[in-house]
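> Starting from these lines, generate the structure:
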Amino acid sequence: MSVTHLAAGLDPLGAAGPNDPTRQSRQRLDGLLDATKAAFVSVEEAVAAAENLRRAFADDPHAKRLRIALHTGEDSEPTARRARHLCEIANGGQTLLSATTAAELPVPPHDLGVHRLRDLMSPIRLYAIGDDRPPRSLDRVPNNLPVQFTTFVGRHAELAALRTLLLGERLVTLAGPGGSGKTRLAAQLAANHSEYWPQGAWWVELAEITDPALVVHAVTETVGALVNVAPEAARALVNAGSEGAGAVVGRDRQTPVGAGAQPQAGRLLSGSGQLAPQLRGSRLLLCLDNCEQVLGGVADLAGELLRTCPEVTVLVTSREPLGLPGEVVWRVPPIVTDEALALFVERARQVVPGFELDDAGREAVTSMCERLDGMPLALELAAAWLRTLTPQQIEAGLDDRFSLLTRGPRGVSVRQQTLAASVRWSHDLLDDTERTVFRRLAVFHGGFTLPAARAVCDGDVLGPLAALVDKSLVVAEDGRYRLLETIRDYAAARLREAGEEHQARDRHLDHFLAYAEGPDNNPRRADGPPDKDVWRVRMQTEHGNLRAALEHGLAAEDPGKGRRLAAGLAWLWHLHGPGHEGIDFLRRAIDRAPEDSSPLQARLFTGIALVADVAGPVEVGAEALERALELAAEERDRGLPLVLQAVSRLFADLDGAWRQGMTALRSAEISGDEFVRDASLALQGIVLHLRDDHEQAVPLLATASAELLRRGDRGVAATALGFRAVSALVTGDIGLARELAGEAVEIAAPLADFNRVGTTRSVLALVHAAAGDTEAGLRVLEPVLKLVHNAEMPVVVPGLAPALGSLYLARAEFDEAEHWLRQAAAPALHVTCIAVQSIPPLAAALIGLDRREEAAALLDRAVAMAGELRMPRVLADAYDQQGRLRSDLDLHHRALAIRVEHGLRLGCVDSVEAIAGLTGLDHTAMSLDAAIEYVRRTRGPRSRPNAGWASLTPTELGVAKLAAAGLNNPEIAAELFMSRGTVKTHLSHIFAKLGIGNRTELATMAAGRFESDGQ
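Sure thing, here's the model as predicted:
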């Protein structure tokens, strides 16, 4: 659909920076634009909107600076962008129209002629409404900036950063690999700011020049004589010349010269020493494009200009910096994903008009952008295939990207027509030593260090590596190096051609095996584990290389090195993930020597169990532990599988977990394994916690977590702190619980995993739920839910389901509560100590949904399981819910007795409230301890009848009197200092005891009673 886009702004001349005098006017204009449509179906409507905007802004002190532009085209971003570019060249007070817009008006506006916009596209005819001043187009400043035939997309942050550099520095080099968009970015930068240089912005293309001595001649052809001509004449001369090629001007006449023309005797200035004097008084921008093959000549010229021409600015594009003092090198980054998507879509619409991305296509193109390193050339070549392939097929074809990306447009440099040609150009400029290092670096995945490069390249690489960085084939960042994926693929092909791949990968494996087994990295070294925080970060950084080394080592004829590396990385998968990948590698390592009974095999089985502890499934870990203990020859090899086996028994056998933990502790004392010792102490604390012996559990958990943190064992430490937080919560110290849970979240955060991060956040959410702040609880869990939702494969986060269930239960959102609590309680069908804790709250949700029989059956099972497992808090919770279900005072007293005995003060509050609701006890003025003592002391045979007025408690009589007097529930609550829910509960008891069904019957029955009783 064709629409007319409106763009507006204030003329920026004389107004910039934080002291911009037009700032308030700009803010006001932004408000008016927000209230104005940006696109209109009819041109007349758009023109009317422009006039209305100008009238609405007429009383502003800067109204004369308002400029407006209208452009008609397809309803798309390129059309809106063209309108913005039109607005950029309008004068203050002027409304510009494109030819497509003017053609729709009944009365033709002023014809301003043909002008070039700053988008560098071909010149277009422009019109103006009521103001025929020439626009501030690109043609106002002498230039020969190249005409572009495709739109410039994105790079907003880069253009903003480069503006500051270009206007403040004398020599700026845009450096980057072939296809990174250096040329287009430099041209757009020059176009955006050409007005800054009165003598022009001059573009010199050097791609076809291979002799450094000819650089100055190429520059002189374009600029040498033009600088002595008045700006108006220079513009005319350039416009008369060949498009995009510049012109050579003699003393008496103009002669266009193409890129391949030969200098004419007496017409050109020769040598930079002769050109510089001609430019000394000139203020101009010289853009030298594609300089890498003639760096010496460009450096000589640029150096001379810097020394002698104070107002000449030089902008260079090159795959390698010039290396001059005063040169500012700006590495062109990959285009960001959102802009890369927009670039692909715009280029796709040139191939397939009306092209749109569906969800599957967007996912494929996003992957494509990442795999192609945000390289504009590669994305444009990929989009060219859309006549033949879908985005998904193109993305799949990138496995052989150099064969696929071969459809460059005609009319561009040969090296820009295919991706392979672009990279080959850089490769051909290397010397033999640099090529050798370049191809061997292809074995690295995810970057490398200088020592790793030395090991793999088999020699000193500092010089060649520095050259590769300079030539934009290697990226240097924060002490590490990497190859862009596209360049790495090209290097890998050269490595295979040279027949060196196997040897290079062998050296790569040797290096990373030594790295993993070295004294600084081995997490199970003889003198105790190192700081696992440092170890984890160090190993995470090399994850890609370790994976590649494993693949090579396990596929080798002799898999010994690969098996050793797999065993050494179990802790990495435990602490960092992905766990399923780790289990797969460990299984492959075992399968390469299935009959092996060495300590290495025992370590591999232990590794499977260690990873399964956080990634599951549990049964995989249990089988692996049995084999590990069968094969363990030394006590040190037994400690870790013993403690892991104890942890696995926590789910169903607390007594067995305790016994196994004691065995692991004795093993740790013999072997001196501090981690196994502290993990065993934490396990004992957890068992005591689940048995509600918090007095003994808390010191054990505190000691274990402190020792674990000292060595950076964040995973188990965070778990221990989480159990300490729950102990504080159930024993009534919500403030301490919140503090401990928050600390656990902070400790687990660097692990960035589902298990520990999710578990600790779930504990903190439970604390918020208990404190009545369910919104805070849900906010804490929001990032975990996003991670789970976006996970590539199903994951289980311990504690997440019960926490969410508790939050929704506290909000009385019973359907949602049941959904989550049923997930949490599902394993309880097989008697697990963790899942059984979720049965009482699940029953509460079912009671709220009036599914009382289902709730009763679940509670009966919870009572039986809690008794069998000796878990007092679960038993008390089950009694509590049974008491509510049956209005049974005795059950509430049982729950209270258990809670008092084990110090479960949070539950005691629920018990006292429930008992008070059934007995009419007014405990609002009592402390919790006083209320507990009172209700336990007064427990005994009921002295009241079960029905009639005499059966009502004093509180119920007070509620009945106020209800009979016509007060509603909120008014009764305010009068008696109780909650509305308590009033509702009391009324239901009153109705049941009196055998009535509503307030009307109560008022009738009570008529005269309270008066005759003097009440």
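
> Can you give me the buried ones in stretch 324-334?
By 16 or more other CB atoms under 10 Å, the buried positions in stretch 324-334 come out as 324, 327, 329-334. For glycine as for every other residue, the C-beta is placed from the backbone atoms N, C-alpha and C.

> how about these, which pair is most distant?
Largest separation among the buried residues of stretch 324-334 by CB to CB: Leu324 and Pro334, giving 26.4 Å.

> how many other residues sit next to Gln24?
For Gln24, the number of neighbouring residues by other CB atoms under 10 Å comes to 12.

> and if you look at Leu554?
18.

> Name the helix or strand for it, please.
helix 543-555 (DSSP states H and E).

> got it, and Arg939?
Using DSSP H and E, Arg939 falls outside every helix and strand.

> Same question for Leu389.
Per DSSP H and E, there is no helix or strand for Leu389.

> any idea how far Leu357 is from it?
14 Å (CB to CB, to the nearest Å).

> try Asp111
40 Å.

> Likewise for Phe675?
50 Å.

> higher neighbour count, these two?
Taking neighbours as other CB under 10 Å, Phe675 and Leu357 compare with Phe675 leading, 22 against 16.

> The more buried one contacts Arg711, correct?
Yes: here Phe675 reaches Arg711: they are 7.2 Å apart, a contact under CB atoms under 8 Å.

> Just give the closest residue to Ala844, not the sequence neighbours.
Gln881 (5.6 Å; CB to CB, 6 or more residues apart in numbering).

> what about that neighbour, distance to Ala856?
9 Å.

> And these two? Which one has more around it.
Gln881 (28 against 16).

> Please name the residues that touch that one.
Gln881 is in contact with 840, 843-844, 847, 855, 859, counting by CB atoms under 8 Å, 6 or more residues apart in numbering.

> let's go with 6 Å and repeat that
By CB atoms under 6 Å, 6 or more residues apart in numbering, the contact set of Gln881 is 840, 843-844, 859.

> Equivalent analysis for Ala628, please.
602, 605-606, 641.

> May I ask which helix or strand encompasses it?
helix 618-631.

> pLDDT of that helix, averaged?
For helix 618-631, mean pLDDT is 78.

> Skip ahead from that helix and say which helix or strand is next.
That would be, after helix 618-631 and using DSSP H and E, helix 635-649.

> can you give me the angle the following helix or strand past that next one makes with helix 635-649?
Later in the chain than helix 635-649, the nearest helix or strand by DSSP H and E is helix 654-671. In terms of direction (axes from the mean of the first three to the mean of the last three CA atoms, to 10 degrees), helix 654-671 departs from helix 635-649 by 160 degrees.

> Give me the contacts around helix 654-671.
By CB under 6 Å, 6+ apart, helix 654-671 touches 635-636, 638-639, 642-643, 645-646, 649-650, 676-677, 680, 683-684, 687, 833.

> Apply 7 Å and report the result again.
635-636, 638-639, 642-643, 645-646, 649-650, 676-677, 680, 683-684, 687, 690-691, 833, 869 (CB atoms under 7 Å, 6 or more residues apart in numbering).

> Give me the buried subset of those residues.
635-636, 638-639, 642-643, 645-646, 649-650, 676-677, 680, 683-684, 687, 690-691, 833, 869.

> and the helix holding Leu554, what's its mean pLDDT?
92.

> What's the separation between the residue nearest to Ala844 and Ile839?
9 Å.

> Gly758 should be in a helix, yeah?
Yes: counting by DSSP: H, G, I helix; E, B strand; the rest coil, Gly758 is located in a helix.

> mind starting the numbering at 55 from now?
Done: numbering now begins at 55, and the last item shifts to Gly812.

> if you skip the residues just before and after it, what's nearest to it?
That would be Val851: by CB to CB, 6+ apart, it lies 3.3 Å from Gly812.

> do Arg121 as well
Nearest to Arg121 is Ala144, by CB to CB, 6+ apart, at 3.7 Å.

> Run through the residues that contact that neighbour.
Here Ala144 is in contact with 121-123, 150, 189 (criterion: CB under 7 Å, 6+ apart).

> What's opposite His125 in the beta bridge?
His59 (DSSP bridges).

> these two touch, right, it and His59?
Yes: judged on CB atoms under 7 Å, His125 makes contact with His59 at a distance of 5.5 Å.

> okay, and the common contacts of the two?
With CB under 7 Å, 6+ apart as the test, His125 and His59 both reach 133, 137.

> List of residues touching the helix holding Leu608?
Under CB under 7 Å, 6+ apart, the answer for helix 597-609 is 498-500, 502, 559, 562-563, 566-567, 593, 613, 615-616, 619-620, 623, 639, 642-643, 646.

> List only buried entries from those residues.
498-499, 502, 559, 562-563, 566-567, 593, 613, 615-616, 619-620, 623, 639, 642-643, 646.

> Return the subset of those residues lying in helices.
Among these, the ones falling in helices (DSSP state H) are 559, 562-563, 566-567, 593, 615-616, 619-620, 639, 642-643.

> Going by distance to Gly230, which of these wins?
Among these, and counting by CB to CB, the member closest to Gly230 is His562, at 27.2 Å.

> residues in contact with that closest one?
497, 510, 603.

> What distance do you get for the last one to Ala509?
For Ala603, the distance to Ala509 under the criterion CB to CB works out to 12 Å.

> Those two - which one has more neighbours?
Neighbour count, other CB under 10 Å: between Ala603 and Ala509, Ala603 has more, with 27 against 19.

> So for this structure, the centremost residue is which one?
Nearest to the mean C-alpha position of the chain, counting by CA atoms, centre = their mean, stands Leu841 at 10.2 Å.

> In space, what's closest to that one - neighbours in sequence excluded?
Leu841's closest residue in space is Phe808 (CB to CB, 6+ apart), at 6.5 Å.

> what's the burial count for Gly853?
So Gly853, with other CB under 10 Å, has 22 neighbours.

> swap in Leu762?
Leu762: 26 neighbours (other CB under 10 Å).

> Got phi/psi on Asp942?
phi -110, psi 110 (degrees, to the nearest 10).

> how many neighbours does Glu987 have?
13.

> One more: Asp746?
24.

> re the thing from before, any of the contacts of Ala144 buried? List them.
The buried subset of the contacts of Ala144 (16+ other CB under 10 Å) comprises 121-123, 150, 189.

> of these, closest to Glu1055?
Distances from Glu1055 to the buried ones among the contacts of Ala144, taken by CB to CB, are shortest for Ile122, at 75.2 Å.

> List the buried residues of stretch 822-835.
822-825, 827-828, 830-832, 834-835.

> Spell out the residue ranges of the strands in the stretch 405-554 of the chain.
529-531, 534-536 (DSSP state E, counting those that start in this stretch).

> same check, this time on the stretch 55-204 of the chain
With DSSP E, counting those that start in this stretch as the criterion, the stretch 55-204 of the chain has strands spanning 56-64, 93-94, 120-128, 149-152, 164-169, 178-182.

> which one of the ones you listed has the most crowded surroundings?
strand 149-152 (a mean of 27; mean count of other CB atoms under 10 Å).

> in its sheet, what does it sit against?
strand 120-128 (parallel), strand 178-182 (antiparallel).
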